[in-house]
Structures are given as structure tokens and as C-alpha cells.
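Visitor: need the 3D shape of this:
(one chain, ligands or ions: 1)
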Amino acid sequence: MKCPHCGLFNPPEAERCDCGFDFTTRNLQRSYANQPARNDGRRDDSARTDIIVGGLICSVGIVVTLVTYVVARDNGGSYVVAWGAILFGAVKFFRGVARQR
Ligand SMILES: [Zn+2]
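Guide: Numbering: from 1, shown residues only. I've put the predicted structure just below:
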């Protein structure tokens with residue numbers, strides 16, 4: 001259906017045009033398109049969570065690697081290099097940093 005206000009073609013089930021014209025009341029309403037995105041704050045939170053969780057996982061991986069290395073050096077035997085945790089944590093950490101802006 002074509003909007004009588006701005007001429008934009010909308011899907012038949014649309015209740016309101018992007019310009020804010022309401023097909024049911026045939027009045028110009030606040031446009032959905034101009035509404036501020038509601039999940040902006042949530043995105044910042046998840047970036048911060050990624051930085052904290054990623055940093056923790058990465059640190060734990062480094063600590064596990066160092067501790068098992070020291071134990072193996074003193075007592076003999078093999079040590080664990082926790083590459084998985086270090087890399088996973090680092091990737092999560094830097095993704096969070098990149099998304100924070
Ligand atoms: Zn319109």
C-alpha cells in the first residue's frame with residue numbers, strides 16, 4: 001500500500017509508514033524509524049563484559065601455563081600450555097575493546 005503522505009510503498013500488513021503516517025488512524029504519528037535504538041546501553045554492557053571475561057580467561061590461561069611450567073621445571077614432567085584459554089580470552093578481550101566505541 002502506498003503512503004499518501006510520502007509516497008513510499010509499504011507491505012500490505014504495515015500499520016505505519018517509515019515517515020510516521022499511521023494507516024489505521026490515517027494520522028501522522030511519530031515515526032518508528034526515528035526512534036532511538038533501545039539496545040545501545042546493552043551493547044556497551046556486553047562489550048565491557050567481553051573485556052572483563054576475556055581478560056580473566058586469558059589471565060587464567062597464562063597463570064595455568066606459568067604454574068604448571070614452574071612445577072614441571074622443579075619436579076620434572078610435562079607442563080600445560082593453555083593456548084585455548086589464552087587465545088579465546090584474548091580474542092574475546094579485543095573484540096570487546098573494538099566494540100566499546
Ligand atoms: Zn510515508
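
Visitor: where in this protein is pLDDT low?
Guide: Scanning the chain for pLDDT under 70 picks out 31-44, 101.

Visitor: quick check: residues of it near the ion?
Guide: Applying CB under 5 Å from the ion, we find that the chain lies next to the ion at 3, 5, 6, 8, 17, 19, 21. Placement of C-beta: from N, CA and C, glycine included.

Visitor: wait, the fifth one sits on residue 10?
Guide: Yes - when contacts are counted by CB atoms under 8 Å, residue 17 is listed as touching residue 10 (5.4 Å).

Visitor: okay if I get the residues of the chain next to the ion as TSV plus neighbour count?
Guide: What follows is the residues of the chain next to the ion, written out as TSV (neighbours: other CB atoms under 10 Å):
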residue	neighbour count
3	17
5	14
6	14
8	13
17	24
19	17
21	20
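
Visitor: quick check: next helix or strand after the longest helix along the chain?
Guide: Secondary structure of the chain per DSSP state H: the longest helix is helix 40-75. Remark: after helix 40-75, the chain's next helix or strand is helix 83-99, criterion DSSP states H and E.

Visitor: okay, and the common contacts of residue 17 and residue 10?
Guide: 3, 23 (CB atoms under 8 Å, 6 or more residues apart in numbering).

Visitor: please parse this structure into its domains.
Guide: Under the assignment automatic domain parsing, the domains of the chain span 1-35, 39-99.

Visitor: quickly compare these and say which is most buried.
Guide: domain 39-99 (a mean of 14; mean count of other CB atoms under 10 Å).

Visitor: what pairs with residue 16 across the strands?
Guide: Beta-bridge pairing for residue 16 (DSSP bridges): residue 22.

Visitor: that one reaches residue 30, doesn't it?
Guide: No - Residue 16 is beyond contact range of residue 30, at 9.1 Å (criterion: CB under 8 Å).

Visitor: tell me the contacts of the nearest residue to residue 27 once chain neighbours are set aside?
Guide: Closest residue to residue 27 apart from its sequence neighbours, by CB to CB, 6 or more residues apart in numbering: residue 21 at 7.7 Å. Residues in contact with residue 21 (CB under 8 Å, 6+ apart) are 3, 4, 5, 6, 27, 28, 29.
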